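Colleague: Sequence plus predicted model, see below.
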Amino acid sequence: MRKHLLAFMAVLLLVGCDSVAPTTTTEPPGGTDLLGTSWVGSRIEWQGTDYPIALNSPPTIEFTADGVGGTTGCNSWFGSVSLGEGSISIDQIGQTEMGCEQPLMDQEQTVVQILLAADLWTLDGGTLTIGDSQGAGLIEYVAPIDAPAVPLIGTTWVLSEVMTLDAVSTPFIGVEPTLVFDGDEISGSGGCNEYSARAIIENGRVEITNLTFTERACADAGAMEQEAMFFRVLEAAETYLLDGPRLTIQAPTEGLGFRAS
C-alpha cells in the first residue's frame with residue numbers, strides 16, 4: 001500500500017502573538033478517556049485570531065487503540081498519537097492527496113500545523129480542545145450529533161458519492177454498487193458485476209488486494225464507466241473514514257462515499 005507521508009517544516013511562532021494556550025476548569029484524568037471517541041471541529045484559532053471553518057467541511061478527529069485519524073475538511077489523515085494526563089503528541093501524519101478548492105486546502109494546512117505542534121488537550125463539558133502550550137493555535141471539537149455509529153464489519157454499504165480531484169458527484173442512476181466487510185475479506189456489487197477481494201484494515205488505513213469479479217457487460221455505458229472507476233478506487237484505496245452511517249474510501253486521486261443500508 002502506497003503511503004503518502006507529509007513532511008512539514010516546523011512552524012515558527014510569531015513574536016508578540018496575543019493568543020493564549022487553551023485552558024479549562026476540568027482537568028482530564030488521563031489520555032485513555034479519549035480512546036474510542038470521535039469529534040467534529042467547531043472552532044479553529046491560529047496565531048491569535050479565529051480561523052473560519054469551511055461550510056459543511058469541518059475537520060474531524062477520532063482516537064482508536066491503534067492511533068489517531070480524521071479529516072481536514074479536504075483529505076483523510078492518519079497518524080500515531082501519545083496521550084497523557086492533559087498531554088498529547090501527534091506525529092507520523094499521512095494523508096490522501098485529493099485536490100480541493102483553495103479555502104479547503106488552506107484549512108487543511110492550518111489543521112495539520114496545529115495538530116503537529118499540539119502538546120496539550122483539555123476536556124471541558126462537551127468540548128475537546130487540542131493545542132500547543134505556546135499559544136500558536138488550537139482546535140476545539142465537539143462530539144458529533146448525527147446518527148449512532150454503524151459497525152464497519154457486517155454492514156452493507158451502498159455507494160452514495162463518487163469523488164475525483166475536480167468534483168463530488170452522485171452515482172449513476174439505475175445501478176447500486178455495494179461494499180461489505182467480512183473479517184479480512186470484502187464483497188459486493190460494482191453495479192453490474194459481483195466482486196470479492198482481500199482487505200487489510202488498520203488505524204484508518206485500508207489495503208485491498210486480489211480483487212476478482214464477474215465479467216457481465218453493463219446495459220449502459222455510464223454504468224460501465226462507473227463500475228470501472230469503483231473497482232479502480234478499491235484496488236488503489238489507502239484510507240477509510242467511518243463517520244456514523246457514512247463510510248469514505250479514498251485512493252490518492254479518487255474516492256468513494258457510502259451510506260449504511
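Modeller: Nice, I can see it.
Colleague: Stretch 248-259: end-to-end distance?
Modeller: Length of stretch 248-259, first residue to last, CA to CA, to the nearest Å: 9 Å.
Colleague: Mind listing what's buried along that stretch?
Modeller: By neighbour count on 16 or more other CB atoms under 10 Å, the buried set for stretch 248-259 is 248-252, 254-259. Just so you know, the C-beta spots here come from the backbone N, C-alpha and C atoms, and that holds for glycine as well.
Colleague: Show me what that stretch is in contact with.
Modeller: 2, 4, 75-76, 96-99, 157-165, 168, 179, 206, 229-230, 232-234, 236-241, 245-247 (CB atoms under 8 Å, 6 or more residues apart in numbering).
Colleague: can you check stretch 200-213 too?
Modeller: 1, 62, 64, 66-67, 69, 76, 78, 152, 181, 184, 186, 190, 193-199, 231, 234-235, 237-241, 249.
Colleague: 7 Å instead, please
Modeller: Contact partners of stretch 200-213, identified using CB atoms under 7 Å, 6 or more residues apart in numbering, comprise 1, 64, 66-67, 69, 76, 78, 184, 186, 190, 193-199, 231, 234-235, 237-241, 249.
Colleague: what's the average pLDDT for it?
Modeller: For stretch 200-213, mean pLDDT is 94.
Colleague: Pull out the buried positions in it.
Modeller: 201, 203-206, 208, 211, 213.
Colleague: Of all pairs in the residues you listed, which one is the farthest apart?
Modeller: N203 and F213 (27.8 Å; CB to CB).
Colleague: Check the average confidence over stretch 129-140, would you?
Modeller: Averaged across stretch 129-140, pLDDT comes to 94.
Colleague: For that stretch, list the C-alpha coordinates in CSV.
Modeller: C-alpha atoms of stretch 129-140 as CSV (Å, rounded to 0.1, in the frame of the first residue of the first chain):
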residue,chain,number,x,y,z
THR,A,129,-9.5,21.4,22.9
ILE,A,130,-6.2,20.4,21.3
GLY,A,131,-3.5,23.0,21.1
ASP,A,132,0.1,23.9,22.0
SER,A,133,1.4,25.3,25.2
GLN,A,134,2.9,28.3,23.4
GLY,A,135,-0.5,29.5,22.2
ALA,A,136,0.3,29.3,18.4
GLY,A,137,-3.0,27.6,17.6
LEU,A,138,-5.8,25.4,18.8
ILE,A,139,-8.8,23.4,17.6
GLU,A,140,-12.0,23.0,19.6
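Colleague: in what helix or strand does E45 lie?
Modeller: Following DSSP states H and E, one finds E45 within strand 38-46.
Colleague: Mind listing what's buried along that strand?
Modeller: Quick answer for strand 38-46 (16+ other CB under 10 Å): 38-41, 43-46.
Colleague: try stretch 153-170
Modeller: 155, 157-160, 162-163.
Colleague: In helices only, show me these.
Modeller: Of the buried residues of stretch 153-170, none are assigned to helices by DSSP state H.
Colleague: Which of these fall within strands?
Modeller: 157-160, 162-163 (DSSP state E).
Colleague: Let me know the closest of the residues you listed to S133.
Modeller: M163 (37.2 Å).
Colleague: What sits closest to A143 if chain neighbours are left out?
Modeller: Distances taken as CB to CB, 6 or more residues apart in numbering put G126 closest to A143, at 5.8 Å, once the chain neighbours are dropped.
Colleague: Surely the one you found is in contact with E140?
Modeller: No. Applying CB atoms under 7 Å as the test, G126 and E140 come out as separate, 10.4 Å apart.
Colleague: More neighbours: which of those two?
Modeller: Higher neighbour count among G126 and E140: E140, with 18 against 11, using other CB atoms under 10 Å.
Colleague: Report whether the expected contact of that one with S42 is present.
Modeller: Yes. Using CB under 7 Å, E140 is in contact with S42, at 5.3 Å.
Colleague: This completes my enquiry, with thanks.
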